[in-house]
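A.B. asks: Give the three-dimensional model of this entry:
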Amino acid sequence: MIRIHRASAEEKKLVSEMFDAVFSFFKIDQPTDVDLTFVGEKVIRELNRDYRGVDRVTDVLSFPNVDVKVPYDIKNYPYDLENGALQLGELMICRKRMKEQALEYGHSETRELCFLTVHGLLHLLGFDHIKKSEEKVMFGLQEEILNTVGITR
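C.D. replies: Predicted coordinates:
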């Protein structure tokens, strides 16, 4: 089950479409459990500081339920017998930072929200961008997935 908190109807629709696009791309057809919450600058800064040691506002944070590495193996995720879903993790998006970045990059808030959602989900699946080689793979996947649903630059 995808739970989206503190979002407008339009945001929920876009986020749901991005979840579907990512799961389809990776052929994940099992029920999944992910929480996505829109938060303010104070909350995301505290989380970034407490969990990553970076004391600044960021756009999106991902909290996978397992320490996954690429290539991910969906069988490594916890499975909730009660609701029959894989427990992928949790995402936090800072709406204010999302809007600022849309302006900075000269594209729509829709595109930025879609990008951040796909970016966060890729982190839940074990992708990262710390090394240049990892960044190339992850950012390539982001663009490919976004293009499949018509979200282009």
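A.B. asks: Can you name every helix or strand that the top strand by length along the chain contacts?
C.D. replies: Longest strand in the chain, counting residues (DSSP state E): strand 85-94. Contacts defined by 3 or more Cβ pairs under 8 Å, 6 or more residues apart in numbering; DSSP states H and E place strand 85-94 against strand 32-39, helix 41-52, strand 60-64, strand 79-80, helix 109-124. (Each C-beta comes from the backbone N, C-alpha and C, glycine too.)
A.B. asks: neighbouring strands for that strand, and are they parallel or not?
C.D. replies: Applying DSSP bridges, strand 85-94 is found paired with strand 32-39 (parallel), strand 60-64 (antiparallel), strand 79-80 (antiparallel).
A.B. asks: Tell me how far the first one lies from the chain's centre.
C.D. replies: Relative to its parent chain, strand 32-39 has a centroid offset of 9 Å by Cα atoms, centre = their mean, to the nearest Å.
A.B. asks: Quick one: mean pLDDT for that strand?
C.D. replies: In this model, strand 32-39 has an average pLDDT of 95.
A.B. asks: which residues sit against the lowest-mean-pLDDT helix or strand in the chain?
C.D. replies: Every helix and strand of the chain was ranked by mean pLDDT, DSSP states H and E. The lowest is strand 79-80, at a mean of 74. By Cβ atoms under 8 Å, 6 or more residues apart in numbering, the residues outside strand 79-80 that reach it are Asp33, Ala85, Leu86, Gln87.
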